[in-house]
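[1] Please find the sequence and the predicted model below.
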Amino acid sequence: MKIAFCLFKYFPYGGMQRNALRIARALRARGHQVEFFAMQWQGDLDPDLPVHLLPVRGLTNHTRYANFARAFALAAQGFDGRVGCNKLPGLDLYYAADTCYHARMAKRPFWHRLSGRYRAFIAAEQAVFSPQSHTEILAISDSEARSYQASYGTPASRFHALPPGIGQDRRATDAAPEQRATLRAEFGIGESEYLLLTIGSGFRMKGLDRSLRALAALPPMLRARTRLIAIGRDKPGLFRRLARKLGVAGALTILDGRDDIPFFLQGADLLLHPAYYENTGSVLVEAIVAGLPVLTTSSCGFCVHVQQSGCGTVLPEPFSQAGMNQHLSRMLVSPERARWREAGIAYGQTADLYSLGQTAAEVIETRLLAMYA
């Protein structure tokens with residue numbers, strides 16, 4: 001079959017973007033032709049996966065997104081199926097990497113629901129999830145699937161659960177001690193020091209401010225021996241200013257996206273991911289299979305894997321900064337760290353955490369073939 005994939009923007013370190021490529025390559029391996037349509041594409045191109053850039057204009061993001069939806073509907077004519085990584089009308093399948101906008105906005109003051117942006121985003125979400133829609137949903141979070149069903153009454157039969165999509169290279173190997181030594185030597189971190197790690201673009205949503213406050217609240221002797229490296233794509237100025245205000249600027253390093261993440265997962269002592277709200281949080285699973293203990297919040301869809309693996313702590317909602325501060329201080333010096341590491345590595349050897357691409361490709365193929373039966 002000839003299948004059109006669409007997403008607004010591609011950049012190489014986004015979780016949704018990486019999984020879109022995994023799914024597309026799995027479809028290619030099954031003999032299908034896949035072509036991407038996007039507004040922007042940053043990073044290398046795969047010669048087997050053509051990319052078409054659709055130039056659209058608009059004064060606001062939601063206007064540009066609506067114009068892109070119309071351009072994609074025209075460009076995808078003649079394809080056997082349309083798969084979207086963003087919410088658009090007319091999709092055959094939607095890869096549900098985004099949170100439920102309706103549920104999220106329901107928690108905010110009413111005036112946020114009076115804007116044209118809100119109406120546009122709700123209309124796009126309804127086009128995918130309303131009971132009248134025929135779009136099938138590739139769901140990567142059970143909790144988020146329930147949010148969509150509660151908001152729109154979407155039939156459960158249209159949801160197809162996928163396992164997490166992480167690379168096998170995140171698993172701990174015999175090279176772990178060497179990777180740890182290499183990383184810590186590169187950044188001048190001694191073995192008697194502690195390294196905290198946060199990974200993910202969108203530092204505000206990932207809770208980097210919460211991590212900085214927890215770092216600043218450590219007992220003085222422990223704080224002096226602790227560093228924090230944040231990796232991701234965002235505007236770092238706000239967080240550098242906060243670090244200076246909190247007195248921990250010298251302990252903070254902010255890096256852009258990297259290709260050597262396994263070294264960081266082995267070199268660090270704890271992953272901090274106190275996200276405000278996140279559909280999944282693939283980095284949680286990446287840390288688990290690497291044997292890196294995790295401190296996260298229950299607002300992340302993949303926090304269930306932290307609980308099931310026993311590789312860390314999940315903070316309850318509503319979030320308490322004081323509670324996070326106490327857990328961070330305890331976890332850094334806990335004798336349980338070795339057990340948490342072993343539990344995470346064992347979980348990565350037994351749980352289905354790697355087959356998202358193959359599972360999604362099978363669902364897409366089956367559903368599209370059924371349309372033409």
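    Everything's here; your move. Note that this is a predicted model, so its numbers are computed, not measured.

[2] Could you pull up the residues touching residue 112?
    Counting by Cβ atoms under 8 Å, 6 or more residues apart in numbering, residue 112 makes contact with 105, 118. For glycine as for every other residue, the C-beta is placed from the backbone atoms N, C-alpha and C.

[3] so residue 254, which of the three states?
    strand (DSSP: H, G, I helix; E, B strand; the rest coil).

[4] cool, the one 5 residues further on as well?
    Here residue 259 is coil, with the state taken from three-state DSSP.

[5] Next, work out how far apart it and residue 18 are.
    Look at residue 259 and residue 18: by Cβ to Cβ, to the nearest Å, they are 12 Å apart.

[6] Just the C-alphas of stretch 319-331, formatted as CSV.
    The C-alpha coordinates for stretch 319-331 follow below in CSV (Å, rounded to 0.1, in the frame of the first residue of the first chain):
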residue,chain,number,x,y,z
PHE,A,319,2.5,17.6,43.5
SER,A,320,4.4,18.7,46.6
GLN,A,321,7.8,20.4,46.2
ALA,A,322,8.6,19.6,49.8
GLY,A,323,7.8,16.0,49.1
MET,A,324,10.1,15.9,46.1
ASN,A,325,12.9,17.6,48.1
GLN,A,326,12.7,14.9,50.8
HIS,A,327,12.6,12.0,48.3
LEU,A,328,15.6,13.4,46.3
SER,A,329,17.7,13.8,49.5
ARG,A,330,16.8,10.2,50.6
MET,A,331,17.2,8.5,47.2
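
[7] contacts for that stretch?
    By Cβ under 8 Å, 6+ apart, stretch 319-331 touches 196, 210, 213-215, 217-219, 222, 270, 272, 274, 276, 293, 295, 297, 299, 312-313, 315-316, 337.

[8] out of those residues, which are inside helices?
    Of the contacts of stretch 319-331, the ones assigned to helices by DSSP state H are 210, 213, 214, 215, 222, 337.

[9] Now which of those would you call buried?
    Neighbour-count burial (16 or more other Cβ atoms under 10 Å) applied to the ones in helices among the contacts of stretch 319-331 gives 210, 213, 214, 215, 337.

[10] any chance of the residues you listed in a markdown table, plus pLDDT?
    Putting those into a markdown table (pLDDT from 0 to 100) gives the following:
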| residue | pLDDT |
| --- | --- |
| 210 | 98 |
| 213 | 98 |
| 214 | 98 |
| 215 | 98 |
| 337 | 95 |
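
[11] Name the nearest of those relative to residue 56.
    residue 210 (35.8 Å; Cβ to Cβ).

[12] check contacts around the closest one.
    274, 319, 321, 324.

[13] quick check, the last one in a strand?
    Meaning residue 324. No. Looking at residue 324 with three-state DSSP, it is helix, so not inside a strand.

[14] Measure how buried it is and give me the count.
    Other residues near residue 324 number 23, with proximity taken as other Cβ atoms under 10 Å.

[15] quick one: it and residue 73, what's the gap?
    From residue 324 to residue 73 the distance is 45 Å (Cβ to Cβ).

[16] One more: the second one?
    For residue 319, the distance to residue 73 (Cβ to Cβ) stands at 41 Å.

[17] what residues are up against residue 34?
    Residue 34 touches 3, 5, 24, 27, 28, 49, counting by Cβ under 8 Å, 6+ apart.

[18] give me phi/psi at it?
    Phi and psi for residue 34, reported as degrees, to the nearest 10, are phi -120, psi 130.

[19] Okay, and the beta partners of it?
    Beta-bridge partners of residue 34, counted by DSSP bridges, are residue 3.

[20] ok, now the one 4 residues further on?
    Here residue 38 sits in beta bridges with residue 53, going by DSSP bridges.

[21] on that earlier part again, now the ones in helices among the contacts of stretch 319-331 as JSON lines including distance to residue 284?
    Below are the ones in helices among the contacts of stretch 319-331 laid out as JSON lines (distance: Cβ to Cβ, whole Å):
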{"residue": "210", "distance to residue 284": "15"}
{"residue": "213", "distance to residue 284": "20"}
{"residue": "214", "distance to residue 284": "17"}
{"residue": "215", "distance to residue 284": "19"}
{"residue": "222", "distance to residue 284": "24"}
{"residue": "337", "distance to residue 284": "17"}
